[in-house]
Every structure is written in structure tokens, then in C-alpha cells.
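Visitor: would you be able to build a 3D model of this:
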Amino acid sequence: MTRFLISLTLVALCFISGSAQTNANALKLNCQEAESLFLHRNRSLIAEKMNISIDDARIAEAKVWDNPELNIDDINFWKKKPEDTDGEPMESVAQFSLELSQMISISSRRSKLANLEKANKQISIKEYEQFLRELKTELRSVFAQIIYLQDYKILLDSQNASVDEIMEGYKKLYKNGDISLNELIRVESYQLSVSSEINQCNLELNSLYSSLKSMLAINATDAVTFEDEQDNFPSPESMSYESLINLSLENNPELEASRLYTEYFKRDISYQRSLAVPDISLSVKYDRYGGVWKNFFGVGVGVPIPILNRNKSGIKIARIQQEQNEIRTEEIKNTIENEVAEALNNYTSTYNFFSSASAKESFVKLDIMFERYTKSLFGKEISLVEYIDFIESIKETKDILIKTEYDLKLQLNRLEYLTGTEINR
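Guide: Predicted coordinates for the structure are as follows:
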């Protein structure tokens, strides 16, 4: 009896543990929660952020002095033993020399290189922000597409359920000889068409789920449900082209990075000029039995003579790169202005169409009309062809509405990407 109670307890604990694990792996996320998870888990984002730490290491390395150099030279294994005044051999001696040298820069080369790396770090920060913005926009687009397909699948499932009901009724009518085989085949064909659309919708959703799980670093076996949020789309009248342009030019990381590149090349010119200034090498030397004296100590100074190479090409390249970057900066600025104008026009057009379509009274009553047509079909008040044409029209109309809402989300997402702000909703 005791063993039975112990076994029962263990089974219960395993069941509770398994249930807890199952619940822990079941996630229900809205867009904001998905973005929060994305910021902490996305591996590409984490890896890209490491570039900033790499730049910090380069800045620290640029400030470090060159290593001193130790040379051991003039080692002579064949020197004869010295003799005293009586011709007697003395103890053996070894001939060698030691030299310790240190390179010293007199052109502030290390500090200029450190400043160059600091500018590069600022560029890396802006490139990281641009990468973050692009991934965040992709995340929102994928999420919006999932919501659209989920809503469309609900529409298809609803129609499929109605067609299944009609199918069962028509099978009985066909057995009783009340309808022809053509009518039964017509219902079966439409049922197959709707089932095919549902299957295609499931395939697309599976692909999007996989992409979103990868972006959020969620295990493939974890069950995730993505929930829609009520979107309040701002009126285009509340947006001005000038304010959107100003926000885009102020907050665009690509444009800021391009401007930082101008500063980077300015510092690079200064650094390249410092390379033309020769460094000084100070040395201390010890020589044993290499000359007249038994032990010789000396100091030396070495300076390269900048005659053949004054680093003119490095300075010229940095100047040309600076001019190139100024041209690219103007190009980026012009592209941003055109993209903002296009995005605002697209959002305005989609918003007006969606508002007009959503306000139609007949579209609001589509579900009621669908129920009426179904009753009319069973009451033989309308033909099967008329019924299928009508429900197909309902499906297309609802699809247009949810597809337009999806497009509107994408257009608003595009505006927020360009301006780098969350537009008031």
C-alpha cells in the first residue's frame, strides 16, 4: 500500500511538472510584447551590438605605445682565448652585444588614431540603430501579415463550415433524388476550393510563424499565439509633410552615419599626415669584447629621413573619400525626402479607401445577409449558383477590408520607420 501511494504521488508530480512545462512553453503575444522579446533575444541584433565593443577595444589599442625591441647581436663562437703578458692562456670570454630600442612618436599619431577609432565607434552605433530599425520594421510587417492571414483563415473556416453543412444536406437530397449530380458536384467543387485556400493559408502562416520564432529566439516546439491589437490609425490630416521630413532628417541613422563619416575622413586626413612625420627611435646598447673596450655602453637615436615616402597617397585617398561621402550624404538626404512623400501619399490613399469602405452600411450587415441567403437556399428560394456567387462575393468583400487594414498597417509602419518615431495613434 505504501509503495502504491509513493508511485501515485510520483505520477501526480510528473503530471503537474509536465503541465507546468507545457503552460510555460505556451506563449500568447501581441505586437508590443513581441517587440520587447525581440529586443532581448534576437541573435542578429545581439551580434551587431558587439561591433560597438569591438570599437572600444580598438580605441584602447590605439592608445598603447609600440613595444620596445631587444636585439642580441655579434655573438662570436670562434674568438681565440686571450693570453697574458707571459703567453699563458686566460679564461675563455664570449663576444656579444645587446641593444634595447624604443620607438617614440612625435606627431601625436596614437592620439589621432584613437580619435579616428572614436569616430568609427559613433558610426557603428548609428549602423546598429539602422539595423535595429530595419529588423523592427520587418518584425512589425511579419506580425501584421500573420494577423491578416489569421483573420482571413477565420473567414475561410466560417465559409467552410457553412459549405460543410450545405454539403451534408445536399448529399441527403441527392440520395432522395431531389437534386441532380451536377448540383452535388458544384457544392463539392466549391468545398474543395475553400479547403485548398485554407491549406494554402496554413502553409503561409507556418512559414511566417517560423520566421517570427527565429526573430524572437523561440523554440520551434513552443506553441505561440499572436494576438491582434485594436489599431487607431491617425488621420493623414494630422500629419504634415514638413514635420515628417524634419523628423526623418533628424532621426535617420543612415544619414547620421553618413555625416559621421565626413568627420571620420577629416580625422583620417589628420592621421595620414601624422604618418608622414618620422618617428624617433631611442636605443641603449651594451657591447662585450666587440671593440677596444671590454664592456661598452652607448646610446643612439634613429630618425627615418622622409625623402622617398611622405604618405602623399594616403592623404590624397582620405581627401577623395571625404568628397565622395559628401556626395553620398546629399543623395541619402534626397532619397529620404522622396520616400517620405511617397509613404505619406500611400498612407493617405489607403486611409481614405479604408475609411470609405468600412463606413458602408451594407458591408456591416454582411453576416446577417449571409445567414439569410443560407436559409433561402435551404428553402429553395434561390439557386445554388446564386448562393455560391453571393458567398464568394462576401468572401472577396471581407478580404478586401482586412487586406486594406493590413496595407494600412504597413503604410503606417513605413512612416514610423522613416521618421524614427511612434506616430500618435
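Visitor: low-confidence regions, the protein specifically.
Guide: Scanning the chain with the threshold set as pLDDT under 70 gives 1-26, 77-93, 292, 361-364, 424-425.
Visitor: can you pull out the strands in it?
Guide: Counting by DSSP state E, the chain has strands at residues 27-29, 69-76, 95-104, 224-226, 280-288, 295-302.
Visitor: what would the ones you listed look like in TSV with mean neighbour count and distance to residue 334?
Guide: Any C-beta I mention is one placed from the backbone N, CA and C, and that applies to glycine too. As requested, the strands of the chain are exported to TSV (neighbours: other C-beta atoms under 10 Å; distance: least, C-beta to C-beta, whole Å):
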stretch	mean neighbour count	distance to residue 334
strand 27-29	15	39
strand 69-76	11	53
strand 95-104	15	47
strand 224-226	16	38
strand 280-288	16	49
strand 295-302	10	53
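Visitor: so which of those strands comes closest to residue 131?
Guide: With C-beta to C-beta, the closest approach to residue 131 among these belongs to strand 27-29: 22.4 Å.
Visitor: partners of that closest one in the sheet?
Guide: Here strand 27-29 is paired, per DSSP bridges, with strand 224-226 (parallel).
Visitor: what's in contact with stretch 294-308?
Guide: When contacts are defined by C-beta atoms under 8 Å, 6 or more residues apart in numbering, stretch 294-308 is touched by residues 101, 276-288, 290.
Visitor: show me which of those residues is closest to residue 53.
Guide: Using C-beta to C-beta, residue 279 comes nearest to residue 53 of those, at 30.0 Å.
Visitor: can you pull the phi/psi pair for the closest one?
Guide: Here is the backbone geometry of residue 279 (degrees, to the nearest 10): phi -90, psi 160.
Visitor: what of residue 64?
Guide: Reported as degrees, to the nearest 10, the phi and psi values for residue 64 are phi -80, psi 140.
Visitor: and the gap between it and residue 275?
Guide: From residue 64 across to residue 275, the span is 17 Å (C-beta to C-beta, to the nearest Å).
Visitor: how about residue 373?
Guide: From residue 373 over to residue 275 the distance is 83 Å, taken as C-beta to C-beta.
Visitor: ok so, going back, so which of residue 64 and residue 275 has more stuff around it?
Guide: residue 275 (19 against 9; other C-beta atoms under 10 Å).
Visitor: report the contact partners of that one.
Guide: Counting by C-beta under 8 Å, 6+ apart, residue 275 makes contact with 107, 109, 311, 314.
Visitor: quick one: contacts of stretch 352-366?
Guide: Outside of stretch 352-366, the residues within contact range by C-beta under 8 Å, 6+ apart are 233, 236, 394, 397, 398, 400, 401, 404, 405, 408.
Visitor: can the residues you listed go into a markdown table with extra columns for distance to residue 51 and neighbour count?
Guide: Listed next are those as a markdown table, based on distance: C-beta to C-beta, whole Å; neighbours: other C-beta atoms under 10 Å:
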| residue | distance to residue 51 | neighbour count |
| --- | --- | --- |
| 233 | 37 | 17 |
| 236 | 38 | 17 |
| 394 | 53 | 19 |
| 397 | 50 | 14 |
| 398 | 47 | 20 |
| 400 | 45 | 14 |
| 401 | 44 | 18 |
| 404 | 40 | 18 |
| 405 | 38 | 20 |
| 408 | 36 | 20 |
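Visitor: restricted to helices, list the residues you listed.
Guide: Within the contacts of stretch 352-366, residues falling in helices by DSSP state H are 394, 397, 398, 400, 401, 404, 405, 408.
Visitor: for residue 234, give me the backbone phi and psi.
Guide: The phi/psi pair for residue 234 (degrees, to the nearest 10) is phi -70, psi 150.
Visitor: gap between residue 324 and residue 331?
Guide: Here the criterion is C-beta to C-beta. By it, residue 324 lies 11 Å from residue 331.
Visitor: what does residue 144 give?
Guide: Here residue 144 is placed at a distance of 30 Å from residue 331 (C-beta to C-beta).
Visitor: so for the two, which sits in the more crowded spot?
Guide: residue 144 (21 against 11).
Visitor: just put the strands of the chain in JSON lines and tack on distance to residue 185.
Guide: Output for the strands of the chain, formatted as JSON lines (distance: least, C-beta to C-beta, whole Å):
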{"stretch": "strand 27-29", "distance to residue 185": "42"}
{"stretch": "strand 69-76", "distance to residue 185": "92"}
{"stretch": "strand 95-104", "distance to residue 185": "91"}
{"stretch": "strand 224-226", "distance to residue 185": "38"}
{"stretch": "strand 280-288", "distance to residue 185": "96"}
{"stretch": "strand 295-302", "distance to residue 185": "98"}
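Visitor: nearest to residue 123, out of those strands?
Guide: So among the strands of the chain, strand 95-104 is nearest, using C-beta to C-beta, at 29.5 Å.
Visitor: what pairs with that closest one, parallel or antiparallel?
Guide: Here, using DSSP bridges, strand 95-104 pairs with strand 69-76 (antiparallel), strand 280-288 (antiparallel).
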